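Trainee: sequence first, predicted model second:
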Amino acid sequence: MERKMCEECNGKIVKKNVDYIFLGQNLGKFPAEVCTSCGEQVFEEEITRKISAITKQKGLWGLNDRARVNQIGGSVGITINKKIAQFLALKKGEEVILYPENKIKGEKNG
Ligand SMILES: [Zn+2]
């Protein structure tokens, strides 16, 4: 059997079916290579294409978007695009909870 190491942490990689969650919706189980140490999941190209097709079918495609952080007085604000606002049924004055998913900063648009 081929031995694989995680690119992130050099942990052990196992093949298993994992739930693919996209924007809070479970798109189903897909075969992935999963790191037993850090949990990094890698999908084969064919699977990635399949997942993309499903997100398009479900109308979720293009919902994830970059947002620019603006200075508003002493705090910072972000503008949520219309598609996401509609998807989440956000209304003016509504309270939302933000949580940090990772520390990776957005790449420069190019
Ligand atoms: Zn890892």
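Mentor: Structure's in. What do you need?
Trainee: so who does the nearest residue to residue 78 once chain neighbours are set aside touch?
Mentor: Nearest non-adjacent residue to residue 78, counting by C-beta to C-beta, 6 or more residues apart in numbering: residue 67, 4.4 Å away. (Glycine included, C-beta is placed from N, CA and C.) By C-beta atoms under 8 Å, 6 or more residues apart in numbering, the contact set of residue 67 is 78-81.
Trainee: redo these as JSON lines? Include distance to residue 13 and neighbour count.
Mentor: Below are these laid out as JSON lines (distance: C-beta to C-beta, whole Å; neighbours: other C-beta atoms under 10 Å):
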{"residue": "78", "distance to residue 13": "35", "neighbour count": "11"}
{"residue": "79", "distance to residue 13": "39", "neighbour count": "10"}
{"residue": "80", "distance to residue 13": "36", "neighbour count": "13"}
{"residue": "81", "distance to residue 13": "36", "neighbour count": "14"}
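Trainee: going by distance to the ion, which of those wins?
Mentor: residue 78 (30.1 Å; C-beta to the ion).
Trainee: wait, isn't that closest one in contact with residue 71?
Mentor: No - look at residue 78 against residue 71 with C-beta atoms under 8 Å: they stay out of range, at 11.2 Å.
Trainee: give the bridge partners for the most centrally placed residue in the chain, please.
Mentor: Residue closest to the mean C-alpha point of the chain, counted by C-alpha atoms, centre = their mean, is residue 22 at 6.1 Å. Beta bridges link residue 22 to residue 25 when assigned by DSSP bridges.
Trainee: my guess is it meets residue 59, correct?
Mentor: No - using C-beta under 8 Å, residue 22 is not in contact with residue 59, being 11.5 Å away.
Trainee: and the helices in this structure, which stretches?
Mentor: 45-57, 82-87 (DSSP state H).
Trainee: which of those helices has the lowest average pLDDT?
Mentor: Here the lowest mean pLDDT among these goes to helix 82-87, at a mean of 82.
Trainee: please name every helix or strand in contact with that helix.
Mentor: On a contact count with 3 or more C-beta pairs under 8 Å, 6 or more residues apart in numbering; DSSP states H and E, helix 82-87 meets no helix or strand.
Trainee: show me the contact partners of the worst-scoring helix or strand of the chain on mean pLDDT.
Mentor: Every helix and strand in the chain was compared by mean pLDDT, DSSP states H and E; the lowest is helix 82-87, with a mean of 82. With contacts defined as C-beta under 8 Å, 6+ apart, helix 82-87 is touched by 23, 60, 62-65, 90.
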